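S.K.: Please find the sequence and the predicted model below.
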Amino acid sequence: MDLRLYVDHDLCVSSGACVLERPDVFAYQDGPEQLAVVLPGGPELSEEKMADAVELCPVDAIRLLNGAGDDVTPA
Ligand code: SF4
């Protein structure tokens, strides 16, 4: 399945967990709010690694989207 990671900025509380644990995948975007984003051109991650990345976020702001843009993050 064609999956990609996405950070929902309505949920991100700037905890920094994702940026700290996977700086190759996540970074803070510019601006005072320090919201995380998925770095463009980051590594190709397996589905398992993407699921691991989702688990990093304490407030479930890291989401998995399919190729159609639907949120398919496991509950
Ligand atoms: S772990 Fe979640 S809340 Fe913390 S910066 Fe990353 S996306 Fe935002």
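M.R.: Sure, I can see it. Numbers count the residues shown, from 1 in each chain.
S.K.: how near is the residue sitting nearest the centre point of the chain to the ligand?
M.R.: The centroid of the chain falls nearest to Ile62 when counting by Cα atoms, centre = their mean (3.9 Å). As judged by Cβ to the nearest ligand atom, to the nearest Å, Ile62 and the ligand stand 5 Å apart. Glycine gets a C-beta too; all of them are placed from N, C-alpha and C.
S.K.: Test my guess that that residue contacts Val7.
M.R.: Yes - if you go by Cβ atoms under 8 Å, Ile62 and Val7 touch, sitting 5.8 Å apart.
S.K.: Which residues are in contact with each of these two?
M.R.: Cys18, Ala36 (Cβ atoms under 8 Å, 6 or more residues apart in numbering).
S.K.: ok so, going back, helix, strand or coil: sort out the residue lying closest to the residue nearest to the centre of the chain once chain neighbours are set aside for me.
M.R.: Once flanking residues are discounted, Ile62 sits nearest to Val54: 4.9 Å by Cβ to Cβ, 6 or more residues apart in numbering. When classified by DSSP: H, G, I helix; E, B strand; the rest coil, Val54 comes out as helix.
S.K.: what's the neighbour count on Val54?
M.R.: 17 (other Cβ atoms under 10 Å).
S.K.: going forward can the numbers begin at 635, since that is how I track them
M.R.: Taking 635 as the first residue, the last one we looked at is Val688.
S.K.: got the contact list for it?
M.R.: Leu639, Asp694, Ile696, Arg697, Leu698, Thr707, Pro708.
S.K.: Now pLDDT and secondary structure too, for those, in JSON lines please.
M.R.: As requested, those are exported to JSON lines (pLDDT from 0 to 100; DSSP: H, G, I helix; E, B strand; the rest coil):
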{"residue": "Leu639", "pLDDT": "97", "secondary structure": "strand"}
{"residue": "Asp694", "pLDDT": "98", "secondary structure": "coil"}
{"residue": "Ile696", "pLDDT": "98", "secondary structure": "strand"}
{"residue": "Arg697", "pLDDT": "98", "secondary structure": "strand"}
{"residue": "Leu698", "pLDDT": "97", "secondary structure": "strand"}
{"residue": "Thr707", "pLDDT": "96", "secondary structure": "coil"}
{"residue": "Pro708", "pLDDT": "89", "secondary structure": "coil"}
